[in-house]
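Colleague: Turn this into a structure:
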Amino acid sequence: MGKIQSAKELMKYIEKMNSDNSVFQFSMPGKGKFTLVLQEEDDEKSIQFEVDKNPELKRMLKESQEQYDTERSMSTSELLNAVSKKDFM
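Modeller: This is a model prediction of the structure:
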């Protein structure tokens, strides 16, 4: 799990995400632990294929869905808007 120290650092990780690197777990001081999942547009069959061959990805997606269902999640935009420089000092 990565430890993010700034919004700029988080954006660097997001920019590097692709179909081979589509899940990123990280923590932010003062905010908590997060799982970021890249979902390519209209590619549900591909996602299911990846989940079927990767038990760890399946576990992370299940955990993410449970958090979403219990309203313990936020969008990337909400996360970035909630972060300020003082969170990393």
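Colleague: any idea which helix or strand carries residue 71?
Modeller: Using DSSP states H and E, residue 71 maps to neither a helix nor a strand.
Colleague: And it, how far from residue 65?
Modeller: Separation of residue 71 from residue 65 (C-beta to C-beta, to the nearest Å): 12 Å. (Glycine included, C-beta is placed from N, CA and C.)
Colleague: neighbour count winner among these two?
Modeller: More neighbours surround residue 65 than the other of residue 71 and residue 65, with 12 against 7 (other C-beta atoms under 10 Å).
Colleague: now the more buried one: how far from residue 21?
Modeller: Counting by C-beta to C-beta - residue 65 and residue 21 are separated by 20 Å.
Colleague: Against residue 7, how distant is the residue nearest the centre of the chain?
Modeller: In the chain, the centroid-proximal residue (C-alpha atoms, centre = their mean) is residue 36; its distance is 0.7 Å. The gap separating residue 36 from residue 7 is 13 Å, by C-beta to C-beta.
Colleague: now swap in residue 77 and tell me
Modeller: With C-beta to C-beta as the criterion, residue 77 and residue 7 are 12 Å apart.
Colleague: Of the two, which one has the most company?
Modeller: Applying other C-beta under 10 Å to residue 77 and residue 7 shows that residue 7 carries more neighbours, namely 18 against 8.
Colleague: mind listing what the more buried one touches?
Modeller: By C-beta atoms under 8 Å, 6 or more residues apart in numbering, the contact set of residue 7 is 80, 83.
Colleague: For it, give me phi and psi.
Modeller: phi -60, psi -40 (degrees, to the nearest 10).
Colleague: Is residue 21 in a helix, a strand, or coil?
Modeller: Here residue 21 is recorded as coil under DSSP: H, G, I helix; E, B strand; the rest coil.
Colleague: measure the nearest residue to it once chain neighbours are set aside to residue 22 for me?
Modeller: Distances taken as C-beta to C-beta, 6 or more residues apart in numbering place residue 38 nearest to residue 21, at 7.9 Å, with adjacent residues excluded. Residue 38 is 4 Å from residue 22, where distance means C-beta to C-beta.
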